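**Q** sequence and computational prediction follow.
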Amino acid sequence: MSDRPYSICVYCGSRPGTRPGYAELATNLGRSIARRGWQLVYGGGRAGLMGLVAEAALSHGARVVGVIPQSLMRLEVGHAGLTELHVVDTMHQRKQLMAERSDAFIAMPGGIGTFEELFEVWTWRHLGYHQRPIGLLDAEGYWSPMVGFLEHACAEGFMDAQQMAMLKIDDNVERLLDSMVAGPDAGGTAEGFARI
Ligand code: AMP
């Protein structure tokens, strides 16, 4: 077993959202990751919920790994104070590296970037490229309409209960983080990520 810290990849909005509860939960998540002695892996930006999770994790002593493509770095949105900042050429390289460096994945509220990251890592799990836990932090009931739609997709025969069971959904940070290291699908190793 490696002695590197357990790494959680957090996908979340580059905007703060309208409700204060989103920012609060982002800060709680970053702090809890640090208090557990875990490492945060994220998109490397300073803006929105991304910046808040990273700041909270850093200020409570966590290692924070950011992975950002050159194009976003040029827009000066990269976070300069991270433990590691990897500047890569393409969005595909970025998502691959973020996934390779992570033992589990959590999506906080966010927009199309967050959706894309969540659905990609979920699809990779469904296809067997990895076995790592995936969590949805349902702050302020943000994800509920999407979960309703996903259930509709199951009812219509385009998805199934096994796929749904790959997502752990919770509005509580500690419970969700606990579920990332408990149960049959927890504790995958980042080294085991298959190349796509
Ligand atoms: P969105 O949900 O559309 O705000 O996109 C946020 C997600 O996409 C994050 O998890 C990031 O990985 C990536 N992303 C989008 N915008 C940025 C940005 N300005 N800086 C860094 N990463 C970003």
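**A** Happy to help now that I have it.
**Q** contact partners of stretch 7-15?
**A** Under the contact criterion C-beta atoms under 8 Å, 6 or more residues apart in numbering, stretch 7-15 has outside partners 22, 26, 29, 33, 38-43, 45, 47-50, 53, 65, 77, 98-99, 101-111, 113-114, 117-118, 121, 177, 180, 190. Quick note: C-beta positions are derived from backbone N, CA and C, even for glycine.
**Q** and it, what's its mean pLDDT?
**A** On average, the pLDDT along stretch 7-15 is 97.
**Q** likewise for stretch 23-40?
**A** Mean pLDDT, stretch 23-40: 98.
**Q** how about the helix or strand of the chain with the lowest mean pLDDT: buried residues?
**A** When the helices and strands of the chain are compared on mean pLDDT, DSSP states H and E, helix 70-74 comes out lowest with a mean of 85. Across helix 70-74, burial judged by 16 or more other C-beta atoms under 10 Å covers 72-73.
**Q** next: stretch 60-78.
**A** 62-69, 72-73, 77-78.
**Q** quick check: the two most widely separated of those?
**A** By the measure C-beta to C-beta, Ala62 and Pro69 form the most distant pair in the buried residues of stretch 60-78, at 23.1 Å.
**Q** show me what contacts Arg36?
**A** Contacts of Arg36 (C-beta under 8 Å, 6+ apart): 6, 177.
**Q** now it: phi and psi?
**A** phi -80, psi 0 (degrees, to the nearest 10).
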